[in-house]
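Participant: Fold the following, please.
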Amino acid sequence: MQRIIKGDQVVDETWHLLAKDVPLAEIPNSDDVIVPMQLWLEHAHALKARDGGLGIWLEADEAIEDIVNDLEHFQVVALNFPVFTDGRHFSSARLLRERYGYKGEIRAIGDVLRDQLFLMRRCGFDAYAVRPDRDPYDALEGLKDFSVTYQSAADDALPLFRRRG
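Facilitator: Take a look at the predicted model:
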């Protein structure tokens, strides 16, 4: 069983991240599933009728704007980082939190490394599935790499000069 970082602790994964090619008929009715965006776009009505929890995952080239009207249906929005150098979803997480007011879980999946976690949290992520070849307990320490931030972000709306005083 995969372990993920959620909040400030390592926990067992309870959601099933579905592959892009999974047929609708093979999705269990009562499990908590995270479906690829294309499956959602093709079968939203049937997926909403399921009993289990529902999440969606997006590739780096898929836009948040395509699902903003459906955010109320998702408990989890997972954003895939195909390679650690592809940072497009940092902006997606900020848009979800700041522009669209999404309150559910935003999870980083794919090529997620310890060095990225602190900035990911600042952008609005609150769960992280680190690469399978990395230790999630070591990665968890990445959330403590810095003790002071200067700029405002999704995790703190006030810049340092406004917090002082």
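Participant: tell me the average confidence for the lengthiest helix in the chain?
Facilitator: Secondary structure of the chain per DSSP state H: the longest helix is helix 37-48. For helix 37-48, mean pLDDT rounds to 95.
Participant: which is the next helix or strand following it?
Facilitator: The element immediately downstream of helix 37-48 (helix or strand, assigned by DSSP states H and E) is strand 54-58.
Participant: what angle separates the following helix or strand past that next one from strand 54-58?
Facilitator: Toward the C-terminus, strand 54-58 is succeeded by strand 76-81 as the next helix or strand (DSSP H and E). In terms of direction (axes from the mean of the first three to the mean of the last three CA atoms, to 10 degrees), strand 76-81 departs from strand 54-58 by 20 degrees.
Participant: on that earlier part again, ok, and for the longest helix of the chain, which residues are buried?
Facilitator: Counting neighbours by 16 or more other CB atoms under 10 Å, one finds that the buried residues in helix 37-48 are 37, 39-40, 44, 47. All C-beta atoms are positioned from the backbone trio N, CA, C, and that covers glycine.
Participant: Could you list every helix and strand in contact with it?
Facilitator: If contacts are counted by 3 or more CB pairs under 8 Å, 6 or more residues apart in numbering; DSSP states H and E, helix 37-48 sits against strand 54-58.
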